[in-house]
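> Any chance you can model this:
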Amino acid sequence: MTRELAERIRAAASERGWTVTTAESCTGGMVSAALTDVAGSSSIFERGFVTYSNKAKTEMLGVTPSALDAYGAVSEEVARKMAEGALHEANAQFAVAISGIAGPGGSEHKPEGRVCFAVAGPGGISAETIEFGAIGRAEVRAAATEHALRLIAAALDREALSRT
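So this is what the prediction gives:
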């Protein structure tokens, strides 16, 4: 399913001359890898950001230390800032951001399997949190990657419809 989603994203963005970027934490570049596994992806994907640490989120995406202190890295607020920063830094039309706790571990307030997503584009920015549960590190990362691709595809579809 991941490959099909990536191909759908490539086709939809390429048809309209749009570019996509990523800001990834817990997925460590898996969304970027999925997008670039598709032939022709260079027409829609120039760069992505793997910002695993808070320092990287600040330096590469402009997430403020005060936002990280107030909300924590695994929050919709920080995911929004990551998406906005990636959109700006990559000069892209669409960005997806992912930050979560793949495991093992977590806490009472931020359990294993919690992943926050944000998508930014011409139509604005939205964020959501998905609780994948303690299904295992690899499984959380794979599920988060697929979900992020679905979010990008949906954002592309919405924008295409709004312009018709």
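> Next, count neighbours for Ala39.
Counted by other CB atoms under 10 Å, the residues lying close to Ala39 total 8. Glycine gets a C-beta too; all of them are placed from N, C-alpha and C.
> Distance of it relative to Thr27?
Note on Ala39: its distance to Thr27, by CB to CB, to the nearest Å, is 22 Å.
> Contact partners for the residue nearest to Gly121 when sequence neighbours are not counted?
Leaving aside its sequence neighbours, Gly121 sits nearest to Phe94 (CB to CB, 6 or more residues apart in numbering; 4.4 Å). Residues near Phe94 by CB atoms under 8 Å, 6 or more residues apart in numbering: 13, 18-21, 87, 119-121, 152, 155-156, 159.
> what about the strands in this protein?
Listed in chain order, the strands of the chain (DSSP state E) span residues 20-24, 49-50, 94-100, 114-121, 124-131.
> Give me the sheet partners of the fourth one and which way each runs.
As defined by DSSP bridges, the strand partners of strand 114-121 come to strand 94-100 (antiparallel), strand 124-131 (antiparallel).
> and the longest one, which residues are buried?
Within strand 124-131, the residues that count as buried by 16 or more other CB atoms under 10 Å are Ile125, Ser126, Ala127.
> any chance of the residues you listed in JSON lines, plus pLDDT and distance to Glu7?
Listed next are the buried residues of strand 124-131 as JSON lines, based on pLDDT from 0 to 100; distance: CB to CB, whole Å:
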{"residue": "Ile125", "pLDDT": "97", "distance to Glu7": "25"}
{"residue": "Ser126", "pLDDT": "98", "distance to Glu7": "24"}
{"residue": "Ala127", "pLDDT": "98", "distance to Glu7": "26"}
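> What is the nearest of the residues you listed to Leu68?
Among the buried residues of strand 124-131, Ala127 lies closest to Leu68 (CB to CB), at 15.5 Å.
> if we can go back for a sec, quick one: closest of the strands paired with strand 114-121 to Ala34.
Minimum separation from Ala34 across those (CB to CB) falls at strand 94-100, 11.1 Å.
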